[in-house]
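>>> below is the sequence, then the predicted model.
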Amino acid sequence: MESIHEKAFRLIGAGAVTIRFQGDHVIDADVHGDHDTYPVVVEIGDRARCMCPASGDCSHLLAVLAVALQRNTGLPPAVTLGKVGV
Ligand SMILES: [Zn+2]
């Protein structure tokens, strides 16, 4: 079975992550998942929420964090995904 890291990597590769706003403290994004599009809101240093049915950490959240880190650092998703690991 695909791990949430593998799925996040696949979502990023498919261009499924749209970051609508990325600030110092908040990231607001949409992820086109396999079944639906989920809004993801990350409050840096506080909490992160994805509106999908999965409880806890999910691939959508990971994908958003990895893309945001990629924007800040220029590192490829394979590297940034490792850094935002859960
Ligand atoms: Zn999710």
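Structure's in. What do you need?
>>> part of a helix, is Arg10?
Yes. The assignment for Arg10 by DSSP: H, G, I helix; E, B strand; the rest coil puts it in a helix.
>>> quick one: contacts for it?
For Arg10, the set of contacting residues under the criterion of C-beta atoms under 8 Å, 6 or more residues apart in numbering consists of Glu2. Any C-beta I mention is one placed from the backbone N, CA and C, and that applies to glycine too.
>>> can we see that at 7 Å?
Contacts for Arg10 were tallied using C-beta atoms under 7 Å, 6 or more residues apart in numbering; there are none.
>>> could you check the pLDDT of it?
The pLDDT attached to Arg10 in the predicted structure is 96.
>>> again with Val86
Confidence at Val86, expressed as pLDDT, is 54.
>>> contacts for the helix ranked longest in the chain next, please.
Across the chain, the longest stretch assigned as helix under DSSP state H is helix 59-73. In this structure, residues lying in contact with helix 59-73 by C-beta under 7 Å, 6+ apart are 4-5, 7-8, 11-12, 16-17, 19, 22, 27, 29, 31, 33, 38, 40, 42, 48, 50, 52, 77, 80-81, 83-84, 86.
>>> shaky segments in the protein?
Low-confidence segments of the chain, defined by pLDDT under 70, are located at 85-86.
>>> end-to-end on stretch 37-49?
For stretch 37-49, the first-to-last residue distance is 14 Å (C-alpha to C-alpha, to the nearest Å).
>>> identify each buried residue in that stretch, please.
Using 16 or more other C-beta atoms under 10 Å as the test for burial, stretch 37-49 gives 38, 40-42, 48.
>>> that older thread, just the buried ones out of the contacts of helix 59-73, please.
Members of the contacts of helix 59-73 that pass the buried threshold by neighbour count (16+ other C-beta under 10 Å) are listed as 4-5, 7-8, 11-12, 16-17, 27, 29, 31, 33, 38, 40, 42, 48, 50, 52, 77, 80-81, 84.
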